[in-house]
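> 3D, please:
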Amino acid sequence: MAPALVDVNGTDANNEGAKRHKTTGPSAIANLVEQLFSQYGNPALHVTSDHNIELRPTEVPTPSPTEALIHVRCTGICGSDMHLWHRGAIGPLVVDRPCVLGHEPSGVILAIGSAVTHLQPGDRVAIEPGVPCRNCWMCDAGKYNLCEFVKFVGVCPYAGTIRRFITHEARYCHKIPDGMTFSQAALLEPLSVILHAVKQCGGSIGIGRPALICGAGPIGLCALAAAKSSGAWPVVITDVDQSRLAFAKQFTPGVRTYKVDTEKTSLQCADEIRSLFGCEARDVEKGIPSPSEYLAPSTVLECTGIESSVVTAAYACRRNGMVMVVGVGRSIMHNLPFMHLSLAEIDLRFINRYSDTWPAGINALADGNVMNLDALVTHTFPLEQAVEAMEVCADPKQPSVKVQIVDDTQIEM
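Below is the predicted model:
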C-alpha cells in the first residue's frame, strides 16, 4: 500500500480522488514535520570554514505558502562542491560558517504550501537550485541567472540538498515523466549548464559545424553529448587525463581526442588540436594564416576554467569563431591572447549558471532519443556515506566521472 501523503492544506494526496482532511493546514504540516524528524531524522552533509566535511543532524524545515517539502532522492556531487570543501570559496562565494552542500537534486514532493497549485504530494521532481528575487532588473529582463539576490542552495549561507528533507520554492520544482529515474533527473543540473551555454552561443553550434570541447569532466561530457545531438561534427575533446579521454570515446563513438601535454605551450597544443580538424600549419606570431583556416572549430566550449586551457581555446578557434567559457576558474587571468582574439574577431563569451533550461533538459533526456547521460554516473553512495562519496571525488586513484548520493529510505506516513 502506498503511503498517504499530506499537503499543507490537509489533503490526502495519495490519489486524485483524495478527500480533504478535517485538520487545518498549519496543524497538518506541523504534525508532518514532527513525524518526519522523529521517525527518519534529517542527516545533512556540512562543510565548515576550516575545510572539514561531516554528516550532522538537522531540523526538518517547514515549507512556506509558496514552497514544497521534498524528500531528496538523489543529489549529484559537482566540482563546485569540491571547491567549497578544499578552497572554501568560489570567487566571492565564501564558506564562512557551516553549510550544507549539494545543488544537483531530484526527489518526491511530500507537502505543498497553500499557494502552490501546479504540484501535489507524490509528484516526482527535478529541482532547479537557484531561487531569484523576481523583482530586480535582471529578473525583469528574463536573465534571472544573473540576479544579484539569488538564493542558490548549497552555496553559503543557503543550505544545500545533500540531506533527506528540504524545502524549496515550488516554482523551481519541475515534474519529471514516469519513465525518468531520479538519477537522470539529478543530471539535469549539469546538463542545464551546457544547455544555457549552447543557447548563449547563438546558433554557432549546428549540423556539420566543427566544435572543440576543452575538458572531459562531467560538464565537458555533457557538452560532448549536446554537441553531438545538435549535429556538430567533427568534434574534438581534450583533457590531461588519458582515462577520461578513453571514457569520452566510449561515451560518444567517433569523437576525436587530444591529450594535453602540460609541458607544451598553449599555442603548441592549439596547433596540434587544429590539425585534428584538418587545419594546416600557420604562424600566429608572424601573422601567417593557415590556408585551411575554415576547417578549424567555429565554436569552442571551454569546460575547465583553467587559464592555460582558456588560452589554448582562444588559439584553437577559427577566425570569427566563438569561445564560450563554461568552466569556473581563478578570479583573475593574466595571459589571455588579447590581440589574437581582437585581430581574428573571436567572440569570447562567458556564462553564469542557467535560466529556463529544465523543461528542455527534461525533453532531451525523457526517452533517450535525443541524448542519454546514464553512463556518466560511475559511483553511487547512500546518504549515510556522503563523506565517503566526497572522498572518492577527491581521490585521483579512484577515477570517477559523476558521483551521486541517493536516499532510498521508504517514507511511510
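> mind listing the strands for the stretch 1-150 of the chain?
For the stretch 1-150 of the chain, applying DSSP state E, counting those that start in this stretch gives strands covering 43-47, 53-57, 67-76, 89-90, 93-94, 99-100, 105-112, 124-127, 130-131.
> Pretty sure residue 355 sits in a strand.
No. Read with DSSP: H, G, I helix; E, B strand; the rest coil, residue 355 is coil and lies in no strand.
> Count the neighbours of the residue nearest to it when sequence neighbours are not counted for me.
Nearest residue to residue 355, sequence neighbours excluded (Cβ to Cβ, 6 or more residues apart in numbering): residue 145, at 4.2 Å. Placement of C-beta: from N, CA and C, glycine included. Applying other Cβ atoms under 10 Å, we find 20 residues neighbouring residue 145.
> List the contacts of residue 145.
Residue 145 makes contact with 130, 132, 196, 352-355, according to Cβ atoms under 8 Å, 6 or more residues apart in numbering.
> ok, back up a step: weakest of the strands of the stretch 1-150 of the chain by average pLDDT?
Of all the strands of the stretch 1-150 of the chain, the minimum mean pLDDT falls on strand 89-90 (a mean of 87).
> Show me what it is in contact with.
With contacts defined as Cβ under 8 Å, 6+ apart, strand 89-90 is touched by 80, 83-84, 95, 155, 328.
> Please, where are all the helices along the stretch 101-250 of the chain?
137-140, 182-186, 188-200, 218-230, 242-251 (DSSP state H, counting those that start in this stretch).
> what's the first-to-last distance across stretch 83-100?
One end of stretch 83-100 to the other measures 14 Å (Cα to Cα, to the nearest Å).
> What residues of it count as buried?
Residues of stretch 83-100 classed as buried: 83-85, 88, 90, 95, 98-100 (neighbour count, 16 or more other Cβ atoms under 10 Å).
> and what of stretch 111-124?
Of the residues in stretch 111-124, 111-113, 116, 119-124 count as buried by neighbour count, 16+ other Cβ under 10 Å.
> can you give me the end-to-end distance of it?
Using Cα to Cα, the end-to-end distance of stretch 111-124 comes out at 12 Å.
> Any chance of JSON lines for the buried residues of stretch 83-100, columns distance to residue 74?
Shown next, in JSON lines, are these (distance: Cβ to Cβ, whole Å):
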{"residue": "83", "distance to residue 74": "21"}
{"residue": "84", "distance to residue 74": "20"}
{"residue": "85", "distance to residue 74": "20"}
{"residue": "88", "distance to residue 74": "26"}
{"residue": "90", "distance to residue 74": "23"}
{"residue": "95", "distance to residue 74": "24"}
{"residue": "98", "distance to residue 74": "23"}
{"residue": "99", "distance to residue 74": "20"}
{"residue": "100", "distance to residue 74": "16"}
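> Return the member of those nearest to residue 269.
Distances from residue 269 to the buried residues of stretch 83-100, taken as Cβ to Cβ, are shortest for residue 83 (24.6 Å).
> Is the closest one in contact with residue 328, as I believe?
Yes. Using Cβ atoms under 8 Å, residue 83 is in contact with residue 328, at 7.2 Å.
> least trustworthy helix or strand in the protein by mean pLDDT?
Least confident helix or strand of the chain, by mean pLDDT, DSSP states H and E, is strand 89-90 with a mean of 87.
> Give me the sheet partners of that strand and which way each runs.
The pairing partners recorded for strand 89-90 under DSSP bridges are strand 93-94 (antiparallel).
> Now do the same contact list for residue 48.
54, 95, 97-98.
> Tell me the one of those nearest residue 284?
Nearest to residue 284 among these is residue 95, at 41.2 Å by Cβ to Cβ.
> how close does the closest one sit to residue 387?
16 Å (Cβ to Cβ, to the nearest Å).
> and what of residue 159?
Counting by Cβ to Cβ, the gap from residue 159 to residue 387 is 17 Å.
> Ok, residue 373 next?
Taken as Cβ to Cβ, the span from residue 373 to residue 387 is 26 Å.
> Who has more neighbours out of these two?
Between residue 373 and residue 387, counting by other Cβ under 10 Å, residue 373 is the more crowded of the two (23 against 13).
> so where's this structure shaky on pLDDT?
Low-confidence regions of the chain, defined by pLDDT under 70, span residues 1-25.
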